[in-house]
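Enquirer: Have a look at this prediction, sequence included:
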Amino acid sequence: MEALHHFSAVTGLSANSDKSSIYMAGVDDETKTKLLESTCFRAGSFPMKYLGLPLSPKKWTKLDCHQLSMKVTEKIRSVASRHLSYAGKLQVVNSILFSLHNFWGAVFILPQIVLKDVDEKCQDYLWGSSENAKKVSLVAWEKVCKPKKHGGLNIRSCRKWNMASVGKLVWLLVTDNEALWVKWVHGIYMKSDVDFWSHTPPSDCSWYWKNLNKIKLGMQQWFSQRRYMLTKDGNYSVTMSYLTLLANTDEMEDHTHLFVDCAWSKAVWRDIEQWLGVQVPQVEANMMLQFIHKKRWCRMKKEIIAAAHGARIYFI
């Protein structure tokens with residue numbers, strides 16, 4: 001309470017005991033009683049709401065996520081949504097319904113049954129199914145969720161997007177050691193483990209930490225299956241297309257080979273030079289920009305060549 005009293009003395013604000021609750025875990029009844037008497041707060045119960053999201057220390061169940069399912073159903077049942085064309089319904093799925101799921105999925109590892117239920121609701125809405133009339137889906141949902149250039153409608157699958165969103169936490173654990181919650185994780189679960197990739201979760205850890213490590217194992221399989229890999233300079237690169245450039249060798253890809261030494265990359269740059277009618281040395285990106293900056297060309301020519309160089313990197 002000392003911190004609250006100090007805050008009140010400095011700011012002139014005080015906590016409203018009628019609107020404040022204290023949440024306790026891992027303490028006995030006697031300690032709970034003392035804390036409630038000293039703070040004059042009421043004991044809170046889980047799940048609690050924070051920024052519109054329910055928080056709970058226990059494993060999520062379908063009942064806990066009932067609110068998400070109900071919000072999606074309410075949006076689908078609205079009069080404005082029911083009388084739209086396929087194109088209009090597609091926009092509703094990609095914007096409104098996806099934003100509802102993403103608000104939850106970016107924070108929680110949601111149960112698979114909930115993710116499947118949300119996907120089914122979006123699928124039924126897109127093809128015109130309702131509680132009273134069931135319509136056959138014209139295209140499989142897996143194909144619909146593919147990018148447009150691969151024949152899909154660019155809809156994000158709830159299951160895969162939830163894994164990708166929570167995967168950001170794995171990335172932060174590996175790269176951002178200054179984040180407060182990363183320091184907390186290292187202090188509680190990874191006391192002796194420096195490398196998160198080789199860490200084995202203890203048997204008495206929370207269900208969320210266990211599931212986060214399961215996602216880590218799934219990400220490791222991406223690399224073992226050679227779908228993605230690390231370059232020599234520590235950056236990620238998609239390797240399926242690079243294997244052809246490397247003549248199917250086991251050599252690790254790097255930026256110098258990809259954008260400077262690779263024969264296919266050189267052929268792409270020669271075609272660009274021929275199209276622009278100029279000759280520019282094939283060097284790394286930062287050296288290329290320095291070369292363009294030093295040349296006594298007009299501003300428009302410099303911008304065109306710089307844009308062409310950027311397009312080449314994006315194409316490769």
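Expert: That came in fine, so what should we check first? Residues are numbered from 1 along each chain as shown.
Enquirer: ok, His309 to Thr256 distance?
Expert: 16 Å (CB to CB, to the nearest Å). C-beta here means a position set from N, CA and C on the backbone, and glycine is covered the same way.
Enquirer: For the two, indicate the residue with more neighbours.
Expert: More crowded of His309 and Thr256, by other CB atoms under 10 Å: His309, with 21 against 13.
Enquirer: Quick one: classify the more buried one as helix, strand or coil.
Expert: Of the three states, His309 takes helix under DSSP: H, G, I helix; E, B strand; the rest coil.
Enquirer: what sits against it?
Expert: By CB atoms under 8 Å, 6 or more residues apart in numbering, His309 lies in contact with 280, 285, 288-289, 292.
Enquirer: try it again with 6 Å
Expert: Residues near His309 by CB atoms under 6 Å, 6 or more residues apart in numbering: Met288.
Enquirer: cool, and Trp197?
Expert: By CB under 6 Å, 6+ apart, Trp197 lies in contact with nothing.
Enquirer: Can you tell me the element it falls in?
Expert: According to DSSP states H and E, Trp197 maps onto no helix or strand at all.
Enquirer: Phi, psi for it please.
Expert: Phi and psi for Trp197, reported as degrees, to the nearest 10, are phi -70, psi -30.
Enquirer: can you pull the pLDDT of it?
Expert: With respect to pLDDT, Trp197 scores 78.
Enquirer: Then Lys232?
Expert: On pLDDT, Lys232 comes in at 44.
Enquirer: Kindly report the same for Val238.
Expert: pLDDT at Val238 comes out at 49.
Enquirer: and if you look at Pro57?
Expert: On pLDDT, Pro57 comes in at 74.
Enquirer: What of the one 10 residues further on?
Expert: The predicted local distance difference test score for Gln67 is 79.
Enquirer: ok but it is inside a helix, no?
Expert: Yes - judged by three-state DSSP, Gln67 forms part of a helix.
Enquirer: Can you give me the distance of it to Ser99?
Expert: As for Gln67, its distance to Ser99 is 15 Å (criterion: CB to CB).
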